[in-house]
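Peer 1: model the structure of this input:
(one chain, ligands or ions: 1)
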Amino acid sequence: MPFRPRYTGLIERYRDRLPVNDDTRLISLGEGNTPLLKLNNIPKIIGKDVDIYVKYEGLNPTGSFKDRGMTMAVTKAVEEGSKAIICASTGNTSAAAAAYAARAGITAFVLIPDGKIALGKLAQAMMHGATVIQIKGNFDEGMQLVKDVAKEAPVTIVNSINPYRLQGQKTAAFEIVEELGRAPDYHCLPVGNAGNITAHWIGYCEYSSNSGEHVTAACAHCDGHCKYAGGAIVGNRPKMVGYQAAGSAPFMRGEMVDDPDTVATAIRIGHPQSWEKAWLVKEESGGWFDECDDDTILAAQKLLAEQEGIFCEPASATSLAGALNDIASGKIPEGSTIVCTLTGHGLKDPDIAIQQSTAPMVTVDATLDAVRDAIVSNMVS
Ligand code: AN7
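Peer 2: Below is the predicted model:
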């Protein structure tokens, strides 16, 4: 049997491009290296000649892209001697923070909006032993409280305002470029705090520079924390396209939204923390922002699950929902290569999935006749 080195996570893999030293203790759960799946059926259904890939970030250890940032943030927190981390979260950040804190042997405090996070995410935070502080308010209020309390208490903030988070998350762009041999023409993401769209742009910029120094755009975004190694060159960078839920779309309104609402609770965010960076990303990449209503988001989630066998959470489906709109209108032209990030796993939010499912479910007697009848009457010819 040929020997293949054990995959030990994205910091080890991209060590030369991340802010770690040889003796840094890496806090990893084997995150990254997620599948880039090409959609086979949906392009045929919509009748368009486009290559759509989905980057299935739901297959990270805690089921979302947050693990990429959290491995970096917790590694650095531990290196700097921190004994506790804190975040505000719509759910996925709290799940990742709880898991990586457990791995590191430090304490996690998570502030979540009372009753507004998906069940799977709450289960994760609790199971990993985080102190869960439910606030009678939304994410944006929680974020402000986290900033305020961190001035007084010895806790390290691991929201994406922690620059190490974006450094870890930029590696998703590296993986995509390495698998496609180039950057896609369009990269579509759901946007909440806009950290992830910024992180991807940093990653693409680093890969498209051959100078061994940062291109201006990446430098502006990296806060001096990246270690660009140089050498690897790709010719192109994608247009970055950010989609928001219509009820939580500050980038469409051009101003902060005070009372955000959407079924996609992960992106129920009205005061994005990476507001200025994301506008820069849009300008520099030649991309745009748009919005999708909740029904369109859920329809895309279901389409992906039913037609491709890929289950993502509602917020994640916003990237595909938006891309399908823009492909239909021609704004994303035929012949394009498109990557949609599926930020979180569908199992995170079983309630919404079951509520909107129309799959046949019958309850019958435990007899051969009853089961045979159920099969015959539901057989699709
Ligand atoms: C599935 O967990 O902000 O634009 O507190 O969980 O980088 O904020 C989650 C965000 C998209 C938006 N998809 O990413 C949190 C949190 C999913 C998410 C986003 C989130 P950003």
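Peer 1: which bits of this protein sit near the ligand?
Peer 2: Residues of the chain lying close to the ligand (Cβ under 6 Å from any ligand atom) are 64, 89-93, 160, 190-196, 266-267, 313, 315-316, 343-344. C-beta coordinates here come from the backbone N, C-alpha and C atoms, glycine included.
Peer 1: quick check: which element contains residue 327?
Peer 2: Assigned by DSSP states H and E, residue 327 belongs to helix 314-329.
Peer 1: please apply the same query to residue 355.
Peer 2: Assigned by DSSP H and E, residue 355 belongs to helix 350-356.
Peer 1: now the element after that helix, going C-ward?
Peer 2: Next element after helix 350-356 (DSSP H and E): helix 368-378.
Peer 1: which other helices and strands contact that next one?
Peer 2: In terms of contacts (3 or more Cβ pairs under 8 Å, 6 or more residues apart in numbering; DSSP states H and E), helix 368-378 is not packed against any helix or strand.
Peer 1: can you point out the buried residues in the helix holding residue 327?
Peer 2: For helix 314-329, burial by neighbour count (16 or more other Cβ atoms under 10 Å) applies to 314-327.
Peer 1: so how many other residues sit close to residue 115?
Peer 2: For residue 115, the neighbour count with other Cβ atoms under 10 Å is 9.
Peer 1: and it, which of the three is it?
Peer 2: Using DSSP: H, G, I helix; E, B strand; the rest coil, the structure places residue 115 in coil.
Peer 1: for the ligand, see how far away it is.
Peer 2: Noted for residue 115: a distance of 15 Å to the ligand, by Cβ to the nearest ligand atom, to the nearest Å.
Peer 1: show me what contacts that residue?
Peer 2: For residue 115, the contact set (Cβ atoms under 8 Å, 6 or more residues apart in numbering) comprises residue 134.
Peer 1: next one: it relative to residue 132, how far apart?
Peer 2: Noted for residue 115: a distance of 13 Å to residue 132, by Cβ to Cβ, to the nearest Å.
Peer 1: and what of residue 335?
Peer 2: For residue 335, the distance to residue 132 - Cβ to Cβ - is 48 Å.
Peer 1: so which of the residues of the chain next to the ligand are in helices?
Peer 2: Those of the residues of the chain next to the ligand mapping onto helices are 92-93, 195-196, 315-316, per DSSP state H.
Peer 1: distance to residue 45 added to the residues you listed, as a markdown table?
Peer 2: Supplementary listing: these in a markdown table, determined by distance: Cβ to Cβ, whole Å:
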| residue | distance to residue 45 |
| --- | --- |
| 92 | 29 |
| 93 | 34 |
| 195 | 32 |
| 196 | 27 |
| 315 | 23 |
| 316 | 19 |
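Peer 1: what's the average pLDDT for the helix holding residue 327?
Peer 2: Per-residue pLDDT over helix 314-329 has a mean of 98.
Peer 1: chain center to it, what's the gap?
Peer 2: 15 Å (Cα atoms, centre = their mean, to the nearest Å).
Peer 1: how many other residues sit next to the residue nearest to residue 271 when sequence neighbours are not counted?
Peer 2: Of all residues not flanking residue 271 in the chain, residue 140 sits nearest, at 4.1 Å (Cβ to Cβ, 6 or more residues apart in numbering). Using other Cβ under 10 Å, residue 140 is surrounded by 23 other residues.
Peer 1: go on, the one 10 residues further on?
Peer 2: By other Cβ under 10 Å, 16 other residues sit near residue 150.
Peer 1: may I have the phi/psi pair for it?
Peer 2: For residue 150, the backbone dihedrals (degrees, to the nearest 10) come out as phi -70, psi -20.
Peer 1: tell me the pLDDT of residue 17.
Peer 2: Note for residue 17: predicted pLDDT of 89.
Peer 1: nope, residue 232 is what I was after
Peer 2: The model reports residue 232 with a pLDDT of 58.
Peer 1: could you number the chain from 55 rather than 1 from now on?
Peer 2: Noted, 55 is the first residue going forward, which turns the last one into residue 286.
Peer 1: in a strand, residue 294, correct?
Peer 2: Yes. Under three-state DSSP, residue 294 sits within a strand.
Peer 1: that one is in contact with residue 337, isn't it?
Peer 2: No. Between residue 294 and residue 337 there is no contact under Cβ atoms under 8 Å: 10.0 Å.
Peer 1: which regions of the stretch 255-404 of the chain sit below the pLDDT cut-off?
Peer 2: Low-confidence segments of the stretch 255-404 of the chain, defined by pLDDT under 70, are located at 263-288.
Peer 1: can you show me the strands along it?
Peer 2: Applying DSSP state E, counting those that start in this stretch to the stretch 255-404 of the chain gives strands spanning 293-299, 342-346, 391-396.
Peer 1: work out which residue lies at the spatial centre of the chain.
Peer 2: In the chain, the centroid-proximal residue (Cα atoms, centre = their mean) is residue 397; its distance is 3.1 Å.
Peer 1: do I have it right that that residue meets residue 368?
Peer 2: No. Using Cβ under 8 Å, residue 397 makes no contact with residue 368, being 10.4 Å away.
Peer 1: and which of the buried residues of helix 368-383 is nearest to the ligand?
Peer 2: For the ligand, the nearest member of the buried residues of helix 368-383 is residue 369. The distance, counting by Cβ to the nearest ligand atom, is 4.0 Å.
Peer 1: quick one: the one helix or strand residue 179 maps to to chain centroid distance?
Peer 2: Per DSSP H and E, residue 179 falls inside helix 173-181. Mean-position distance between helix 173-181 and its chain equals 17 Å (Cα atoms, centre = their mean).
Peer 1: average pLDDT across the helix or strand just after that helix?
Peer 2: Per DSSP H and E, helix 173-181 leads on to strand 185-189 as the next helix or strand towards the C-terminus. Average pLDDT, strand 185-189: 98.
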